[in-house]
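Peer 1: mind looking at a prediction? Sequence and model below.
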Amino acid sequence: AQSVTQPDIHITVSEGASLELRCNYSYGATPYLFWYVQSPGQGLQLLLKYFSGDTLVQGIKGFEAEFKRSQSSFNLRKPSVHWSDAAEYFCAVGARSSASKIIFGSGTRLSIRP
Amino acid sequence: DTAVSQTPKYLVTQMGNDKSIKCEQNLGHDTMYWYKQDSKKFLKIMFSYNNKELIINETVPNRFSPKSPDKAHLNLHINSLELGDSAVYFCASSHSLGRDGNQPQHFGDGTRLSIL
């Protein structure tokens, strides 16, 4: 069964600074990987996904993530954060079978320092 | 033009009551899900339906009963509510899991259930 770990519970960065949120997964084959963002009081919105091909994936809102098989990681990055990026970020992993489910990490809360 | 809509947004009720949460999607998806998010933001799947058929049923008390009258709707009925049921419940939808493995899911805004 697949699993996903987000080692950072809470991260604070200054507005305009770069950001990297860590995600490590466990799965026996190449997984499907996702990053979602949750703003307060709202549902989750998909930022980007990796299914196959280019390991550097571009998403919405200027985010990108890189799939590194050797490190079992799928870290989320943004070169310059904005105050509106403050939210909860979830990494998720899915297996390549028709009846599987997506497993979500425990989330990383991002705060932006003015 | 809301894609995945849940009602109600807030639900405050007493222990022992029975309540329902409704979910509708207008994205043309054929798979729908219910998730529970606890106070620590941990998100756990409860159920998944594909074309009105139950395909994922996690270890959830049988007080929780999902019902899918058609592909666009997945309702959640909860009997004999307990304090531990307090959480935010999210509905989500996606294209069929079988088409290309896991498809991205679109989430509703959640229903915040508080048990007194």
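Peer 2: The structure has been received and is ready for your questions.
Peer 1: now the element after the helix or strand of chain B with the lowest mean pLDDT, going C-ward?
Peer 2: Ranked by mean pLDDT, DSSP states H and E, the helix or strand of chain B with the weakest confidence is helix B:97-100, at a mean of 52. Per DSSP states H and E, helix B:97-100 leads on to strand B:106-107 as the next helix or strand towards the C-terminus.
Peer 1: neighbouring strands for that next one, and are they parallel or not?
Peer 2: Using DSSP bridges, strand B:106-107 pairs in its sheet with strand B:87-94 (antiparallel).
Peer 1: contacts for the partner strand?
Peer 2: If you take C-beta atoms under 8 Å, 6 or more residues apart in numbering or on different chains as the criterion, strand B:87-94 is touched by A:43-44, B:3-4, B:6, B:21, B:23, B:25, B:27, B:29, B:31-39, B:43, B:74, B:76, B:102-108, B:110-113. C-beta here means a position set from N, CA and C on the backbone, and glycine is covered the same way.
Peer 1: adjacent strands (with direction) for the helix-or-strand element of chain A with minimal mean pLDDT?
Peer 2: Ranked by mean pLDDT, DSSP H and E, the weakest helix or strand in chain A is strand A:102-104, scoring a mean of 88. If you go by DSSP bridges, strand A:102-104 pairs up with strand A:87-94 (antiparallel).
Peer 1: tabulate the CA atom coordinates of the partner strand in CSV.
Peer 2: The C-alpha trace of strand A:87-94 is given here as CSV (Å, rounded to 0.1, in the frame of the first residue of the first chain):
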residue,chain,number,x,y,z
ALA,A,87,-2.7,28.0,3.2
GLU,A,88,-2.5,24.3,4.0
TYR,A,89,-0.7,22.2,1.4
PHE,A,90,-1.3,18.5,1.0
CYS,A,91,0.8,16.1,-1.0
ALA,A,92,-1.1,12.9,-2.1
VAL,A,93,-0.1,9.6,-3.7
GLY,A,94,-2.2,7.3,-5.8
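Peer 1: so which bits of that strand are buried?
Peer 2: Using 16 or more other C-beta atoms under 10 Å in any protein chain shown as the test for burial, strand A:87-94 gives A:87, A:88, A:89, A:90, A:91, A:92, A:93, A:94.
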